[in-house]
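Undergrad: please work out how this folds:
(chains A and B)
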Amino acid sequence: MPANPARQTTEVLSNTDFDHRDLDWYIDRGVQILVFLGGISAIVFILGIFIFITKEGLGFILEDFSFREFLFSPTWRPTSELKETYGILALVAGTASVTGLAMLVAIPFSLGTAIFIAEFVDGKTREYLKVTVELLAAIPSVVWGFIGLSIMNPLIIDVFDVPVGLNVLNAGIILGLMAAPIMTSIAEDALKAVPDRYREAAEAMGATHWQVIYKVVLPAAKNGLLGAVLLGVGRGFGETMAVLMATGHSINIPTSVFDSVRALTATIAAELGETAVGSPHYQALFTIGVFLFVITFCINLTADLIVRGIRKE
Amino acid sequence: MLRDGSVKAMPGLNHHTNARSAPVAIRTRDLNLWYGQFQALFDVNLNIKRGIITALIGPSGCGKTTLLRSVNRINERIDGVRTTGTIEVMDEDIYASGVELLQVRKQIGMVFQRPNPLPISIRDNVLFGYRIHTPKETLRHSDEDAIVEQALRQVLLWDEVKDSLHKKATGLSLEKQQKLCIARLLPVKPEVLLMDEPCSALDPKGTEAVEELIWELRGDYSILIVTHNMAQARRASDECIFMLLGKVIEHTATDKMFVTPDRPETADYIEGRYG
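TA: Sure thing, here's the model as predicted:
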């Protein structure tokens, strides 16, 4: 027998082990690939959707499309016997007026709620409030539309003595209430992200609770708060069902909050089902889709960059 | 410099004998403090004199920071803090029922362990306390430049930041941030400055600079400073308070404490047998 069995064992190990791949190695590889696919899928889907709607609207953009008419004509008459007109100005005005009013409603509500949750309550109350706000965000938009149609409509007619209650005011309030929860949630995160030592420093100098909030916390969180508002705006632009139900859906450049309007999104939702696939009308609706996509993309990107900006600081 | 020998060599200092007869800045009577069920301070009775630097030393968890933070009632930010006994600052009971918390905190400035300038400009940091404590009618913009310059000069920071007063204070080095945190207390003319390990986040050079500054402020303000660093207590304080497990063990002149302490616990701690 050789005198050195230990040495022999090491030799055997070193001969066989270096390129040995066991099951764990394959699992690791597999998981890496899966996670990678998951990670890029969002980008792939976004690109896919963008390509799809652009392709569907492309015929229109290339052939009948008049940039000036599309953007600056207030007449949207896609089914006219004499001459089809595809002007989205009135629709843009509808969407913008409703979103604008919605922000007027949502900003005070959401900032107030966020400040209250982040700065005035803690412990259990805070948790309950947060859960409640998140529950509000989960209310389906058709339910909000239903509220607009069956509660707000008669209420507005009654209170303001106007013939129609389905108008900018109605949709603006409904949309504002819809956007407020998500804005609250993000604004509250922004306020909570302000380090406590800033509050402590200000309090130690004898600042009142309100001075701490107004002079220290809000300025420090302003980017996050702006991001919250922009996300609310993005939400407003993209919202369809509640707006369709509460605006009155009539093409109109509004001159007061009691005018009925029609939103870009609602137009697509209401008309797409009735058009022949590939017709100019169909393609025009997709062009509106592209337009909406670009706008919401820009808004969300800005919001994201702003929020990212605070993290860097 | 504040090295041992040079302190004594300062002309006309004689601070220990003067300090003995000086009036009291902070007086605590039977001070007990609980965090919920946990008692952090036991019958603390102290007379901390005016116009000198008093160091609070002791091992971690001995209650020195708790004591410091109860002097401007910043402790009350934490839920479940309960206090009995009294703390008098400049002969007024700051826990009395008619006392305005905001006035207490105005007159008792605090410097924290980690420099915490507000995320606003250097200038606005210096003016923060001044603006919130000056009534709107008497708030004059013309005064502000002078106030900023004076405060920053006092903390030996003026020359370094005078061209960047509108830059964000959070971009400064830690040493400058800590100096700024001291500077912003001065415009409201506090009586007492509380410092919670003001140099522990700084490098040796920053530590030296801030210690030097604290020594400069001595005399104008009564300073109570918590420190973990015994060498710092020794070179930069007039009197020393040694605490252990929430109790005051010894309060005496710094020179005496580090040479001939009265109590064996003090001697053991100073010689590094525990803590």
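Undergrad: what about whichever residue of chain A sits closest to chain B, is that helix, strand or coil?
TA: Closest approach between chain A and chain B, counting by CB to the nearest CB: A:Gly206, at 3.7 Å. For the C-beta atoms, the positions are set from N, CA and C on the backbone; glycine is no exception. Three-state assignment for A:Gly206 (DSSP: H, G, I helix; E, B strand; the rest coil): coil.
Undergrad: next, count neighbours for it.
TA: A:Gly206: 23 surrounding residues under other CB atoms under 10 Å in any protein chain shown.
Undergrad: tell me which helix or strand in chain B has the weakest average pLDDT.
TA: helix B:4-9 (a mean of 40; mean pLDDT, DSSP states H and E).
Undergrad: ok, the residue nearest the centre of chain A - contacts?
TA: Among the residues of chain A, the one closest to the centroid is A:Arg235, at 3.8 Å (CA atoms, centre = their mean). A:Arg235 makes contact with A:Met178, A:Ala179, A:Ile182, according to CB atoms under 8 Å, 6 or more residues apart in numbering or on different chains.
Undergrad: okay, those residues in JSON lines with distance to chain B and neighbour count next?
TA: Shown next, in JSON lines, are the contacts of A:Arg235 (distance: CB to the nearest CB, whole Å; neighbours: other CB atoms under 10 Å in any protein chain shown):
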{"residue": "A:Met178", "distance to chain B": "33", "neighbour count": "27"}
{"residue": "A:Ala179", "distance to chain B": "28", "neighbour count": "28"}
{"residue": "A:Ile182", "distance to chain B": "26", "neighbour count": "20"}
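Undergrad: among those residues, which one sits closest to B:Asp255?
TA: Set against B:Asp255, the nearest of the contacts of A:Arg235 by CB to CB is A:Ile182 (64.1 Å).
Undergrad: can you give me the strands for the stretch 1-150 of chain A?
TA: For the stretch 1-150 of chain A, applying DSSP state E, counting those that start in this stretch gives strands covering A:76-77, A:85-86.
Undergrad: select, out of those strands, the one closest to B:Leu186.
TA: Among those, strand A:76-77 sits nearest to B:Leu186 (CB to CB), with 66.6 Å.
Undergrad: which strands or helices does that closest one pack on?
TA: strand A:85-86 (3 or more CB pairs under 8 Å, 6 or more residues apart in numbering or on different chains; DSSP states H and E).
Undergrad: helices or strands up against the strand it packs on?
TA: Looks like strand A:85-86 contacts helix A:67-72, strand A:76-77, helix A:280-312 (3+ CB pairs under 8 Å, 6+ apart).
Undergrad: B:Tyr269: which of the ones you listed is closest?
TA: B:Tyr269 lies closest to helix A:280-312 among those, at 43.6 Å (CB to CB).
Undergrad: which parts of the stretch 151-275 of chain B sit against chain A?
TA: Within reach of chain A by CB under 8 Å from any CB of the partner chain, the stretch 151-275 of chain B has these residues: B:Thr170, B:Cys181, B:Arg184, B:Leu185, B:Val188.
Undergrad: which among these count as buried?
TA: Listed as buried from these are B:Thr170, B:Cys181, B:Arg184, B:Leu185, B:Val188; burial here means 16 or more other CB atoms under 10 Å in any protein chain shown.
Undergrad: taking these together, which two end up most distant?
TA: Across those, no pair lies farther apart than B:Thr170 and B:Val188, at 21.7 Å, counting by CB to CB.
Undergrad: report the beta-bridge partners for the most centrally placed residue in chain B.
TA: With distances taken as CA atoms, centre = their mean, B:Leu194 lies nearest the centre of chain B, 2.3 Å away. Counting by DSSP bridges, B:Leu194 forms beta bridges with B:Met110, B:Leu224.
Undergrad: quick check: pLDDT value at it.
TA: What the model reports for B:Leu194 is a pLDDT of 93.
Undergrad: buried residues, the helix or strand that contains the residue nearest to the centre of chain A. List them.
TA: Using DSSP states H and E, A:Arg235 sits within helix A:222-238. Buried positions in helix A:222-238, judged by neighbour count with 16+ other CB under 10 Å: A:223-238.
Undergrad: and stretch B:53-60, by the same measure?
TA: So for stretch B:53-60, counting by 16+ other CB under 10 Å, buried means B:Ile53, B:Thr54, B:Ala55, B:Leu56, B:Ile57, B:Gly58.
Undergrad: B:Ser173 is in contact with B:Gly206, isn't it?
TA: Yes. Using CB atoms under 8 Å, B:Ser173 is in contact with B:Gly206, at 7.4 Å.
Undergrad: that older thread, nearest to B:Glu100, of the buried ones among the residues of the stretch 151-275 of chain B next to chain A?
TA: B:Val188 (14.1 Å).
Undergrad: need the phi and psi values for that closest one.
TA: Note on B:Val188: its backbone torsions stand at phi -90, psi 0 [degrees, to the nearest 10].
Undergrad: same question for B:Ser60.
TA: Dihedral angles of B:Ser60 (phi, psi; degrees, to the nearest 10) stand at phi -50, psi 140.
Undergrad: so how far is stretch B:239-251 off the chain centroid?
TA: 16 Å (CA atoms, centre = their mean, to the nearest Å).
Undergrad: can you list the low-confidence ranges for the chain?
TA: Picking chain A for this. A:1-16, A:64-65, A:309-313 (pLDDT under 70).
Undergrad: that was the other one, I meant chain B.
TA: Looking at chain B by pLDDT under 70, you get B:1-22, B:275.
Undergrad: hmm, 80 instead?
TA: B:1-22, B:136-142, B:273-275 (pLDDT under 80).
Undergrad: how about the secondary structure of the residue of it positioned farthest from its centre?
TA: Farthest-out residue of chain B from its mean C-alpha position, per CA atoms, centre = their mean: B:Glu137, at 31.6 Å. Three-state call for B:Glu137 (three-state DSSP): helix.
Undergrad: list the contacts of it.
TA: So B:Glu137 contacts nothing (CB under 8 Å, 6+ apart).
Undergrad: B:Ser173 and B:Gly206: who's more crowded?
TA: B:Gly206 (19 against 13).
Undergrad: A helix includes that one, no?
TA: Yes. Checked against three-state DSSP, B:Gly206 lies within a helix.
Undergrad: so it makes contact with B:Cys199?
TA: Yes. Using CB under 8 Å, B:Gly206 is in contact with B:Cys199, at 7.0 Å.
Undergrad: the stretch 1-150 of chain A: helices as residue ranges?
TA: A:5-16, A:23-62, A:67-72, A:89-115, A:124-137, A:141-147 (DSSP state H, counting those that start in this stretch).
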